[in-house]
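Novice: Next comes the sequence, and after it the predicted model I'd like to discuss.
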Amino acid sequence: MMKMWISFASMGFMLFAILTIYFSRYKIKQKFLRFITAFMAYILMIAGGLMMIYIVLSGPTN
């Protein structure tokens, strides 16, 4: 059951990262704010990917 919640959190991180990257590239004009939002988005994308790798490689549960 815990793996399900971890996978939902990682999918949420990735979705939020996609939206944040879109806004930082196309909607935000200030360079500093663009950098901060893009940096946060890439951190969330990496965290979501690592959580998904953990879920996939940990195998089935008992």
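Specialist: Thanks, I have it.

Novice: okay, CA-based contacts and neighbour counts for the rest of this
Specialist: Fine.

Novice: so how far is stretch 20-38 off the chain centroid?
Specialist: 16 Å (C-alpha atoms, centre = their mean, to the nearest Å).

Novice: in what helix or strand does Ile46 lie?
Specialist: helix 31-57 (DSSP states H and E).

Novice: So which bits of that helix are buried?
Specialist: 34, 37-39, 41-42, 44-45, 47-49, 51-52, 55 (16 or more other C-alpha atoms under 10 Å).

Novice: what's the average pLDDT for that helix?
Specialist: Across helix 31-57, pLDDT averages out at 94.

Novice: What is that helix packed up against?
Specialist: Identification of packing neighbours for helix 31-57 by 3 or more C-alpha pairs under 8 Å, 6 or more residues apart in numbering; DSSP states H and E yields helix 2-26.

Novice: hmm, who's touching the helix it packs on?
Specialist: 33-35, 37-38, 40-42, 44-45, 47-49, 51-52, 55 (C-alpha atoms under 8 Å, 6 or more residues apart in numbering).
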